[in-house]
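Colleague: 3D model of this:
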Amino acid sequence: MPAGNFDQQLTINSHGCLSPAGPMTLDKGETALRLDVWVFQQGNAACVGVQHNFSDSTRWTANPDPVADHTGPPFQPGPATAMALLVSRTAAGQIWAFPWTQEILLVDGSASH
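Modeller: Residues are numbered from 1 along each chain as shown. Down below sits the predicted model:
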């Protein structure tokens, strides 16, 4: 069964949205098929992303469209909630759905420029 997490800190981009990412652990012979992610923050900022291609089996990154996949005002630095659902195929061919929720911290990306 896979295990996933979000990076503890996610950077707010210049559009006020995010590219959620994090580590991923798959069992031997397991293949990630799809990852759906949601990040939301008090004040109604939210984004959703989907990843279908996994070139790295140890990390994932979703790249939501800042217009189509972002709802509400721009994200602000501070706490947020992140949720995900990873669908994978085991070495034996079984399909698994693995959900998780995590509290994360959003940081301002303009501070690093």
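Colleague: gap between the top strand by length along the chain and the chain center?
Modeller: Counting residues, the longest strand found in the chain (DSSP state E) is strand 95-108. Mean-position distance between strand 95-108 and its chain equals 6 Å (C-alpha atoms, centre = their mean, to the nearest Å).
Colleague: show me what counts as buried in that strand.
Modeller: Applying a neighbour-count criterion of 16 or more other C-beta atoms under 10 Å, one finds 98, 102, 104, 106 buried in strand 95-108. C-beta here means a position set from N, CA and C on the backbone, and glycine is covered the same way.
Colleague: surely the last one meets residue 76?
Modeller: Yes - in this structure residue 106 lies within contact range of residue 76 using C-beta atoms under 8 Å: 7.1 Å.
Colleague: what sits in contact with each of the two?
Modeller: Taking C-beta atoms under 8 Å, 6 or more residues apart in numbering as the criterion, residue 106 and residue 76 both touch 12, 41.
Colleague: re earlier: using PDB, list the CA coordinates for the longest strand of the chain.
Modeller: Extracted in PDB, the C-alpha atoms of strand 95-108 (Å, rounded to 0.1, in the frame of the first residue of the first chain):
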ATOM      1  CA  ILE A  95      -6.000  -1.300  -7.600                       C
ATOM      2  CA  TRP A  96      -5.700   0.600  -4.300                       C
ATOM      3  CA  ALA A  97      -6.900   4.100  -3.300                       C
ATOM      4  CA  PHE A  98      -4.900   5.700  -0.600                       C
ATOM      5  CA  PRO A  99      -6.200   9.000   1.000                       C
ATOM      6  CA  TRP A 100      -4.400  11.300   3.400                       C
ATOM      7  CA  THR A 101      -4.900  14.700   5.000                       C
ATOM      8  CA  GLN A 102      -2.200  16.900   6.400                       C
ATOM      9  CA  GLU A 103      -1.800  20.300   8.000                       C
ATOM     10  CA  ILE A 104       0.900  22.300   6.100                       C
ATOM     11  CA  LEU A 105       2.400  25.800   6.100                       C
ATOM     12  CA  LEU A 106       2.200  28.100   3.100                       C
ATOM     13  CA  VAL A 107       5.100  30.500   2.600                       C
ATOM     14  CA  ASP A 108       5.500  33.600   0.400                       C
END
